[in-house]
Structures are given as C-alpha cells and as structure tokens.
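Undergrad: coordinates only, sequence not included:
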C-alpha cells in the first residue's frame, strides 16, 4: 500500500523554537510538497521539490525552509516558530504521470504558544 | 496565475439525493488538469476524480462525476445518491500540465458537505 508518512500528528511548540516536520514517501515519487491548511483558506502551497536537492517556493514560503537530501524524504523547517504558524501541515508526493495526482500524509497539527 | 474559487462554504443534502459542489477556475494555461479531493473528519485527503482540459467527455468515477464546462471555466463535482459517509470537506484543485510547473496543485477554499439521514 502506497504511503506518505509524517513524523508527528500533533506538536506543541513555543514561540521562537526551531521546528522540524519530517515527511517520507515510499512510492519513489519525484515530486514532493508541503501545504498548510487553515479554515476558510483551503490548502496553500509552502514549498515543493521536483528532485533531490531541488526546491521551489510556493505561495507562502515566508518563515519556512525545506530540505530534500534524499528522494524519499522532504523536511519542512520553521527556523523561529511564531503563533501565526499554528496550523495543519500536509505533506504530499506525486509521480511524473499525466494525471499526477497528489498522495497526502495524515497531516501534522502544529500549535505555537 | 492560477486561481480556484469554491463559493459554497457549507452545504446540506438529504441522504440518497444528488448534490452539486461548485468550482470555478482561472488560468492562462492551455493545458491543465482539474481535481477533486475529499477530506473526512479524520483529516486524510482522498483523491476522487480528475479531468484534463483536453478531455471532451466529463470524467466519472462511480457515484462521482465532474461537470466540466471549459468556456465557463467551471468544474463542478456531482455526487449521486448521497450517503452518510459522504459528509466531509471537498476541495477542488488544478495544475498546469507543463513539465516545468512541477506538478503543484492549487486548491480552492473547500466546501463542507453534510448529508442528512
């Protein structure tokens, strides 16, 4: 069964802390994505990667960085967490096919106090 | 720039009836793909259906069909014979089909569907 695994379902951090969100996929997909989901705003793209060590900014990259050292792993980093980064974070991967639908992880709910 | 608009924040439907969830889009791309995802209260995102801009026929997957009207730039999801398990948040999304667009999807705001027994 294909799978995208996010390391933590729930995290509580303090303002100013560094936060790592890990995502691993076992489908050998080229593309990986990080979205955040907020009520009324849908899913907004933070960063995506179409190859190892390659990354592209999405619509809301400010305050975030990413790392893709291996094909199967895509990490989201909050260098200094702020309360407005309290959100649900969704990782996804997709193959290089015509449809290219995204396969999502279960999400990581981050609360920054 | 691409944009997806879902104007219905919430909808109710009676069990066994059909329901249409609206989605309009804006893009300057000639080739693009349109998607619908379902997100139950458990939080997982479930891919439902896909329509390519070049497809002349509307896509169907079981009880789901996509009413694609290219000139109106609309891609409405139709769910026939609603079931209680259809209660969820539904997201419309699109992406350009050029290789250098990286496969990223742009999502709408979502529509929360509640099915009444």
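TA: That came in fine, so what should we check first? Not measured: the values here are computed from a predicted model. Numbers count the residues shown, from 1 in each chain, chains lettered A, B, ... in the order given.
Undergrad: so, low pLDDT: which residues of chain B?
TA: Applying pLDDT under 70 to chain B flags residues B:99-102.
Undergrad: which residues of chain A lie near chain B?
TA: Within reach of chain B by Cβ under 8 Å from any Cβ of the partner chain, chain A has these residues: A:31, A:33, A:35, A:40-45, A:48, A:50, A:56, A:58, A:88, A:90, A:92, A:94, A:96, A:98-104, A:106-107. Placement of C-beta: from N, CA and C, glycine included.
Undergrad: put the buried members of those into a ChimeraX selection.
TA: One line in ChimeraX is enough to select the buried ones among these; burial here means 16 or more other Cβ atoms under 10 Å in any protein chain shown:
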select /A:31,33,35,42,43,44,45,48,50,56,58,90,92,94,100,101,102,103,104,106,107
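Undergrad: out of the residues of chain A next to chain B, list just those in strands.
TA: Members of the residues of chain A next to chain B lying in strands (criterion: DSSP state E): A:31, A:33, A:35, A:42-45, A:48, A:56, A:88, A:90, A:92, A:94, A:103-104.
Undergrad: what's the most distant pair in the residues you listed?
TA: Spatially, the most separated pair among these is A:56 and A:88, at 21.8 Å (Cβ to Cβ).
Undergrad: residue contacts, the residue nearest the centre of chain A?
TA: Most central in chain A under Cα atoms, centre = their mean is residue A:34, positioned 2.8 Å from the mean C-alpha point. For residue A:34, the contact set (Cβ atoms under 8 Å, 6 or more residues apart in numbering or on different chains) comprises A:21, A:23, A:45-48, A:58, A:64, A:66, A:74, A:76, A:89-91.
Undergrad: again, only this time at 7 Å
TA: Contacts for residue A:34 (Cβ atoms under 7 Å, 6 or more residues apart in numbering or on different chains) come out as A:46, A:47, A:66, A:74, A:76, A:89, A:91.
Undergrad: before we move on, what about residue A:9?
TA: Counted by Cβ under 7 Å, 6+ apart, residue A:9 has contacts A:106, A:108, A:109.
Undergrad: in terms of pLDDT, where does it sit?
TA: On pLDDT, residue A:9 comes in at 92.
Undergrad: go on, residue A:53?
TA: Residue A:53 carries a pLDDT value of 86.
Undergrad: still on that earlier bit, can you add pLDDT and give the contacts of residue A:9 back as JSON lines?
TA: As requested, the contacts of residue A:9 are exported to JSON lines (pLDDT from 0 to 100):
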{"residue": "A:106", "pLDDT": "93"}
{"residue": "A:108", "pLDDT": "96"}
{"residue": "A:109", "pLDDT": "96"}
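Undergrad: which of the residues you listed sits closest to residue B:76?
TA: Comparing these against residue B:76 with Cβ to Cβ places residue A:106 closest, at 28.3 Å.
Undergrad: what's the nearest residue to residue 32 if we skip its chain neighbours?
TA: Because you didn't say which chain, this covers chain A. residue A:74 (3.9 Å; Cβ to Cβ, 6 or more residues apart in numbering or on different chains).
Undergrad: the intended chain is chain B.
TA: residue B:53 is the one closest to residue B:32 (Cβ to Cβ, 6+ apart), at 4.8 Å.
Undergrad: number of residues surrounding the one you found?
TA: Using other Cβ atoms under 10 Å in any protein chain shown, residue B:53 is surrounded by 18 other residues.
Undergrad: relative to residue B:17, how far out is it?
TA: Using Cβ to Cβ, to the nearest Å, one gets 30 Å for the distance from residue B:53 to residue B:17.
Undergrad: that concludes my questions; thank you for your assistance.
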